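Q: A structural model of the following input is requested.
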Amino acid sequence: MYQVVVVEKIFGKIEVNTYGFPTEVQRDIFKELCEEDDVIIITREEVAV
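A: The predicted structure is shown next:
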């Protein structure tokens, strides 16, 4: 599992959410979409579940 932590401002409040993806390709696609929205993305390599 590959994880992405997204830090963004929603309605003036800082929100931190973690998303998990089964493949590195899916994680990278999600990262690209988030970067287009100007949010901070922190990636973690494979994580045991």
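Q: so where is the protein shaky, pLDDT-wise?
A: 45-49 (pLDDT under 70).
Q: Now do the strands in it.
A: Remark: strands assigned in the chain by DSSP state E are 2-10, 13-21, 40-44.
Q: is Ile41 in a bridge, and if so with what?
A: The partner list for Ile41 in beta bridges (DSSP bridges) reads Val6.
Q: which residues does it contact?
A: The neighbourhood of Ile41, defined by C-beta atoms under 8 Å, 6 or more residues apart in numbering, consists of 4-7, 31, 34-35. The C-beta positions use only the backbone N, C-alpha and C, and glycine is treated the same way.
Q: How much space separates it from Gln26?
A: Using C-beta to C-beta, to the nearest Å, Ile41 is found at 14 Å from Gln26.
Q: Tyr2 too?
A: As for Tyr2, its distance to Gln26 is 8 Å (criterion: C-beta to C-beta).
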